[in-house]
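Undergrad: return a 3D structure for these sequence lines:
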Amino acid sequence: MPSDSATALVSLSRHTLRQLKFVLPGGLITYYLNSHVAFWRIATGEADSDGWAQVTALAALFSAAITVVLTALATIGRAVISDSDPDRFDRSRLVITIIHTS
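TA: From the prediction side, this is the model:
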């Protein structure tokens, strides 16, 4: 019987592959339409737009950065906790730890 960590890795891989079918086309369309260039111009204030556009763009960048940081912390924390003592892994404790450290 496969171990829990091997099962979790397979499950993570399946989930990742399912999500890539959305991420890759979205990234390609964004690149093709130059949306990332327009977004960056709004965020840096180079575009001829009102103040709310820049505030919204900066809030979106901040939100994305927080998402990346929390995901990285969850991934690293889960690896550290599950490698140190797999029998004591508690998801709720990990989530609380991540929320308090951010």
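Undergrad: can you get me a residue count around A74?
TA: Neighbour count of A74, defined by other C-beta atoms under 10 Å: 15. C-beta: built from backbone N, CA, C; applies to glycine.
Undergrad: any idea which helix or strand carries it?
TA: A74 is part of helix 51-84, with elements assigned from DSSP states H and E.
Undergrad: and that helix, what does it pack against?
TA: helix 35-44, helix 91-101 (3 or more C-beta pairs under 8 Å, 6 or more residues apart in numbering; DSSP states H and E).
Undergrad: where among those is average confidence lowest?
TA: The weakest mean pLDDT among the helices and strands packed on helix 51-84 belongs to helix 91-101, with a mean of 55.
Undergrad: and V55, how far from V69?
TA: Distance of V55 to V69, given as C-beta to C-beta, to the nearest Å: 21 Å.
Undergrad: please apply the same query to F62.
TA: 11 Å.
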